[in-house]
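Engineer: let's see this in three dimensions:
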Amino acid sequence: MNANKNQIFNNIPKDELRVITKAAWLYYMQRMTQNEIAQELNCSRVKITRLISRAKSMGIVDINIIQPPGLFVDLEQALISRYNLKDTVITMDVGTGEPLREILARAAADWLLPQLHSELVVGFSLGRTLAKIPEFMQPLEKSGVNFIEVMGASDSLTSGFNSYRVIGRMAEACGGQARLLDVPTFVSNQSIRNMLLKEERIAKRFSMARNCEILLTSVGTVDKEALLYQIGYLNDEIIDQLNQDNAIGDLLGQYFDANGNPIPNPLNDRVMALKLQDLKKIPYSVLISGGKDKHQAIKAAITGKFVNVLITDISTAKTLLV
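Structural biologist: Here you go, the predicted structure:
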């Protein structure tokens, strides 16, 4: 690298090299403005801009940013560029299970808190990681935010949480309101689903959910560790069929393949939730998920453009960038 720099320097007249170096020194070390440097060197401001740009491209200026421990801005920006995301937050690796859920939930709360304002509507999905977010919501002042379900509620003891309670705790922490869809996660058949969606109160709540500014969700896997399986909404037969159909994960109970293509299946007619296409219209559709078992599902979800903000762990981030 140094040899290449020396070769570049040797090909430029010394007086010209001196002017380039001086302009860069005055700008970066003396903190002078470009107008002040132009007066100092008796040339135009446009020329100073060009001189500073040349100094950077030639390697005369070497900007080195030291990231504080626990921050991974370089990886975050790489993910944003690779997948055309609006934002990304990366956490440290802490293993799997509860420690991972907690660190992701804390990161999600830290991301959400600065966004809060009185007119905001935040959509909230099911998820074991999402259920921990209220623990870390400590706003400096009450904001009056509206939190609304985007998927029918679960009160299963097997899941380890009650979604009514989760969204209520979010609203309580922020001095806001909890808006419930007042429907189950799945119904018996499409006729019942269609009938419920025609009810005025339920239709208004679904409309509110579709028009939320921020939506928080997690991604599910297609195996017996999946939340929907453990709650009891899926059985072995459904899991086997989804795997035969090359399903890689789900958002809001709706499945997709490794390329992010939705997979038609009977569950779609029974789930009481926003549709995958609705997610693409929400300004900030935030996926909060991590761990080796979810790498493929996370990649498929962001490839399919169902989400545009990702909160994940560093190992997942590195895998997504391979």
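
Engineer: which stretches in the stretch 201-322 of the chain count as strands?
Structural biologist: 214-217, 249-251, 254-256, 284-288, 309-313 (DSSP state E, counting those that start in this stretch).

Engineer: tell me which of those sits nearest to residue 51.
Structural biologist: strand 309-313 (39.1 Å; Cβ to Cβ). C-beta here means a position set from N, CA and C on the backbone, and glycine is covered the same way.

Engineer: so what does the closest one touch, helix or strand wise?
Structural biologist: strand 87-91, helix 98-112, strand 284-288, helix 295-303 (3 or more Cβ pairs under 8 Å, 6 or more residues apart in numbering; DSSP states H and E).

Engineer: with just CA atoms, put it into PDB.
Structural biologist: Output in PDB follows, covering the C-alpha atoms of strand 309-313 (Å, rounded to 0.1, in the frame of the first residue of the first chain):
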ATOM      1  CA  VAL A 309     -35.500  -2.500   9.200                       C
ATOM      2  CA  LEU A 310     -33.600  -5.400  10.800                       C
ATOM      3  CA  ILE A 311     -32.500  -5.800  14.400                       C
ATOM      4  CA  THR A 312     -30.300  -8.900  14.800                       C
ATOM      5  CA  ASP A 313     -27.100 -10.300  16.300                       C
END
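
Engineer: one step back: would you turn the helices and strands packed on strand 309-313 into a markdown table with distance to residue 26?
Structural biologist: As requested, those are exported to a markdown table (distance: least, Cβ to Cβ, whole Å):
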| stretch | distance to residue 26 |
| --- | --- |
| strand 87-91 | 36 |
| helix 98-112 | 39 |
| strand 284-288 | 42 |
| helix 295-303 | 44 |
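
Engineer: tell me the most buried of these?
Structural biologist: Each of the helices and strands packed on strand 309-313 was scored by mean neighbour count; the highest is strand 284-288, a mean of 25, by mean count of other Cβ atoms under 10 Å.

Engineer: partner strands of that one, parallel or antiparallel?
Structural biologist: strand 214-217 (parallel), strand 309-313 (parallel) (DSSP bridges).
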